[in-house]
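Undergrad: Prediction below, plus the sequence it came from.
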Amino acid sequence: MTRRRPINRSQRSLRRPARERYAVRKVGFDSDGTRARGSLYLPDRTDTAPVVVMAPGLGAERSFGYPAVAERFAEAGYAAFLFDYRHHGESDGHPRRLVSPSKQLADYDAAIDRVRRIDGVDAGRIAVWGHSLSGGHALVTAADRGDVRAVVAIAPYTDGRVFLRTRPAGYVARATVSGARDALAGVRDRLRRRLPGGTGAEARGSGRARQVPIVGDADRLAVITELGTRRAYLDLVDRNSEWENATPARCLLDLVRYRPVERFEDVDVDAFVFVPESDRILPSGRMTAAVDELDRATVVRAPADHFSVLAGDFEEAVAYQLAFLNRAVGKPERSR
């Protein structure tokens, strides 16, 4: 993340704002005793900027196409704080690449609390942003907090039951067995950590996790298996990242139990939801039905897919997001 910009296959042709339009610095924060890290994008010629708190999608790092969105926000006068969840990217936490909705929601809270203490950011104009799994987190966070002005959810994960129904019976059985075995291994590791002398890889829980691919072909036991999604996901991976396509299998159980839709009626702020009509991972019809529970939602359905919103359909998607933020949060004013 010290390079000028992360590099991936999908965004080679995107227009990137001139670096004179914004500054970037790393900001760390603690979440339940573990150090998390992110990048703060600050616009030029803006004394106190509204801020968008952003996190990456399922199993991803913040460098996987998301800086392009943060840069556009900064170019438009918004500060953007893009962070890695614990267990991911530059943030601490073992086992690596653990996908835990409850932990990630806590990370959103900790990130917002940290942003509120940053000079040059308007703590009264905070928006939360998420894509995929993080889109569901962003909506739940908006329901939980009273200091969020608006929420942007791109192809949001809305309901673990819907996620489960899209999988064949054989997949469900294998996922249940693998997830249960890994969950038991995690319990054993936590118990060892509490014993005297519990140190090293075993104590950190980094050596015993039962791994499954985050994204794989349809015949694999992976979290994401839909046709064509493996290539689209991997094309967004920063080529200098040390990321591995693997996550502890216990996440398969957590994802099924996670139902953001149950909190949508509690979202009392303006929300923008971008629904890709060709989404192969999260069916657009079910997504649209779920977000009907939001009282103050602007819902845009467009001919895009789950990952093209960060690639070929980036321009249209980000234009909608900026138009919404300008209305819901207030267009930033530039100083002379």
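TA: Yep, it's here.
Undergrad: From now on I want contacts and neighbour counts done on CA atoms only, so please keep to that.
TA: Noted.
Undergrad: SS state for the spatially closest residue to residue 280 that is not a sequence neighbour?
TA: Distance criterion CA to CA, 6 or more residues apart in numbering; nearest residue to residue 280, sequence neighbours excluded, is residue 226 at 6.2 Å. Secondary structure state of residue 226, per DSSP: H, G, I helix; E, B strand; the rest coil, is coil.
Undergrad: Next up, the contacts around residue 226.
TA: 217, 218, 280, 281 (CA atoms under 8 Å, 6 or more residues apart in numbering).
Undergrad: again with residue 247
TA: Residue 247 makes contacts with 59, 96, 97, 98, 99, 211, 212, 213, 214, as judged by CA under 8 Å, 6+ apart.
Undergrad: what does residue 314 give?
TA: residue 308.
Undergrad: What does the pLDDT read for it?
TA: You'll see residue 314 listed with a pLDDT of 98.
Undergrad: Let me know the distance separating it from residue 15.
TA: Distance, residue 314 to residue 15, using CA to CA, to the nearest Å: 10 Å.
Undergrad: And residue 237, by the same measure?
TA: Computed with CA to CA, the distance linking residue 237 and residue 15 is 18 Å.
Undergrad: again with residue 239
TA: For residue 239 relative to residue 15 (CA to CA), the value is 19 Å.
Undergrad: For these two, indicate the residue with more neighbours.
TA: Higher neighbour count among residue 239 and residue 15: residue 239, with 15 against 10, using other CA atoms under 10 Å.
Undergrad: Would you confirm that that one contacts residue 11?
TA: No: Residue 239 is not in contact with residue 11 according to CA atoms under 8 Å; the separation is 11.9 Å.
Undergrad: which regions of this protein sit below the pLDDT cut-off?
TA: 1-6, 193, 197-208, 336 (pLDDT under 70).
Undergrad: same thing but at 80, please
TA: Low-confidence segments of the chain (pLDDT under 80): 1-6, 186, 188-209, 334-336.
Undergrad: Spell out for me which residue occupies the centre of it.
TA: residue 56 (2.9 Å; CA atoms, centre = their mean).
Undergrad: Spell out the secondary structure type for the nearest residue to residue 68 once chain neighbours are set aside.
TA: Nearest residue to residue 68 in three dimensions, chain neighbours excluded: residue 16, at 7.0 Å (CA to CA, 6+ apart). Following three-state DSSP, the label given to residue 16 is coil.
Undergrad: Please apply the same query to residue 176.
TA: helix.
Undergrad: repeat for residue 25
TA: strand.
Undergrad: got it, and the one 5 residues further on?
TA: When the structure is reduced to helix, strand and coil (three-state DSSP), residue 30 reads as strand.
Undergrad: doesn't residue 108 make contact with it?
TA: No: Residue 30 is beyond contact range of residue 108, at 11.1 Å (criterion: CA under 8 Å).
Undergrad: Specify which residue of the two has the higher count of neighbours.
TA: Applying other CA under 10 Å to residue 30 and residue 108 shows that residue 108 carries more neighbours, namely 24 against 16.
Undergrad: Can you tell me the closest non-neighbouring residue to that one?
TA: Distances taken as CA to CA, 6+ apart place residue 141 nearest to residue 108, at 7.2 Å, with adjacent residues excluded.
Undergrad: and if you look at residue 325?
TA: Nearest to residue 325 is residue 331, by CA to CA, 6+ apart, at 7.2 Å.
Undergrad: Since that was my last question, I'll sign off now.
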